[in-house]
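# show me the folded form of this:
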Amino acid sequence: MGGTLKSSEVNADSNDTAGILEPDEGDDADDDNDPEELIRQPCFSTKLQVEYNIMLSPTYHVPILYFFLHNTNNTSSDLSVKSPEGLLDVVYNRLVPTQYRSELKGVGIMGGLSIGHHPLSGFPVYFVHPCNTPDALRDVAGSGEVITTETYLILWLSLVGNCVGLHVPSALLIER
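You can find the predicted model right below:
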């Protein structure tokens, strides 16, 4: 089955309140009726920890990026959705950058993200479906180019990881 690469990141909800000023304690009661007063919607901040695992697929013979979500503040949130399909909407809305959503959803019948069981733990996880990986890498690297294993993994991680919020550190992209 090969080794795994594991990485975790915390993903804050887009409704996070960081940077929003709270009203002063001494605000006048009349400020509530002031039309120039900032209107604030209630913000619900849900912090998700995303755990990424990379494993080689024995079927497709390419790496596969598996990931699952943890609610780090243990409050009721959008992670309380009862079905994995409902959680898939959370994944698209919270992890997939806007510019990749329609393209990723449009891959194949079910989209580029799938739900399955982790090959080692058996737990349900999401993964970026690998069926188009060889073609995508060939388009980026060129069909006649011979690339090193390291370059292959960096290209693969740049293509696959970016679509679900896992970014390649820029230090890896700089020529050594």
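
# from residue 69, how far out is the closest residue to residue 118 other than its chain neighbours?
Distances taken as Cβ to Cβ, 6 or more residues apart in numbering place residue 125 nearest to residue 118, at 4.6 Å, with adjacent residues excluded. The C-beta positions use only the backbone N, C-alpha and C, and glycine is treated the same way. In this view, residue 125 and residue 69 are 10 Å apart by Cβ to Cβ, to the nearest Å.

# with residue 124 instead?
From residue 124 to residue 69 the distance is 11 Å (Cβ to Cβ).

# who has more neighbours, the two?
Set residue 124 next to residue 69 and count neighbours by other Cβ atoms under 10 Å: residue 69 wins out with 19 against 12.

# buried set for the strand or helix carrying that one?
Using DSSP states H and E, residue 69 sits in strand 63-71. For strand 63-71, the neighbour count (16 or more other Cβ atoms under 10 Å) marks 63, 64, 65, 66, 67, 68, 69 as buried.

# past that strand, which element shows up next along the chain?
Counting by DSSP H and E, what follows strand 63-71 is helix 84-94.

# packing partners for that following helix?
strand 63-71, helix 98-105, strand 113-117, strand 124-128 (3 or more Cβ pairs under 8 Å, 6 or more residues apart in numbering; DSSP states H and E).

# recalculate using a threshold of 7 Å.
strand 113-117 (3 or more Cβ pairs under 7 Å, 6 or more residues apart in numbering; DSSP states H and E).
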